[in-house]
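In: could you look at this predicted model? Sequence included:
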Amino acid sequence: MSLRFSVLASGSTGNAFYIESDQTRILVDAGLSGKEMDRLFAEVNRDPGKISAILVTHEHSDHIKGLGIMARKYNLPIYANERTWRAMEHSIGKLTLDQKFHFNPDSVQTFADIDVESFSVSHDAAEPMFYTFHQEENKVAIVTDLGYVSERIKKTVEDADAYVFEANHDVEMLRMCRYPWSVKRRILGDSGHISNEDSALALADIISNRTKRIYLGHLSKENNMKDLARMTVGQILEERGIDIELYDTDPKKATGLYEVG
């Protein structure tokens, strides 16, 4: 048995993650236009019409921009928690009742041979949550859009085969940028985003010998760079005796399908 996944898009302007097994295909978020989502699926040679479910993390536009369009075009079911549904309904347009499903935070739902575990995160949205994907011994975790990585989250996502993990900003770049102080304070706060350094420190606590791949996600367009994120995270992990290759993600280009298992 195996899981295959692609980070279709990741960044401050758009996010989408695709994961599949031989029995089911799942999309997490659709934060780009419907046209762009179709293009990203074509990059990994997959048909969006064959998606089994779309899981939503939270209602920010960089995660739901194309959600309603995709669901209507391909008649796809959407899963989100109750507060997220209420927060995003006015943004995604009309859907039929048989397309709306609830997925509570800190719970597990099964899609064919994949058990999906949701976990709450601290972020400035209605009730944000992310997901780990389990298939027998295989485990993949998505951890972005959070102000800090709690011990509870570390316990939930530890010992995965692969991660998509936030490295949103370089702290000094953020402090020096043109953002108003209120925006900087929001990003740096407990309901904002984690920095390259905090990403590395959390990863050092959770990865294990079984971890083969880490994708650094949700990089700020203004306050980070791919090379800087990789260098910072890599150096901190190396200082702790962890030697693992780090992979980039992009808000407009899909990563190649990677197989776990």
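Out: Yep, that arrived.
In: got a list of what the residue nearest the centre of the chain touches?
Out: Against the mean C-alpha coordinate of the chain, by CA atoms, centre = their mean, the closest residue is Ile142 at 4.6 Å. Ile142 makes contact with 17, 28, 57, 130-132, 163-164, 217 under the criterion CB atoms under 8 Å, 6 or more residues apart in numbering. In short, each C-beta sits where N, CA and C put it, glycine included.
In: now do Lys184, the pLDDT please.
Out: We have a pLDDT of 93 for Lys184.
In: ok, now the one 10 residues further on?
Out: The model reports Ile194 with a pLDDT of 97.
In: now for Ile206, how many residues are close by?
Out: By other CB atoms under 10 Å, 20 other residues sit near Ile206.
In: just Thr132 next, same as before
Out: 20.
In: and it, which of the three is it?
Out: For Thr132, the secondary structure call by DSSP: H, G, I helix; E, B strand; the rest coil comes out as strand.
In: didn't it look like it was pressed against Val116?
Out: Yes. Between Thr132 and Val116 there is a contact under CB atoms under 8 Å: 7.4 Å.
In: ok, back up a step: so which of the contacts of Ile142 wins on neighbours?
Out: For the contacts of Ile142, neighbours tallied by other CB under 10 Å; top is Phe17, 30 neighbours.
In: look up how far Phe103 lies from it.
Out: Note on Phe17: its distance to Phe103, by CB to CB, to the nearest Å, is 15 Å.
In: can you check Asp250 too?
Out: Taken as CB to CB, the span from Asp250 to Phe103 is 27 Å.
In: who has more neighbours, these two?
Out: Counted by other CB under 10 Å, Asp250 and Phe103 do not tie: Phe103 has more neighbours, with 21 against 16.
In: and the pLDDT for that one?
Out: Looking at Phe103, its pLDDT reads 98.
In: how about the contacts made by it?
Out: So Phe103 contacts 55, 79-81, 109, 116, 118 (CB under 8 Å, 6+ apart).
In: what's the spacing between it and Tyr79?
Out: As for Phe103, its distance to Tyr79 is 4 Å (criterion: CB to CB).
In: so what sits against both of the two?
Out: Taking CB under 8 Å, 6+ apart as the criterion, Phe103 and Tyr79 both touch 55, 109.
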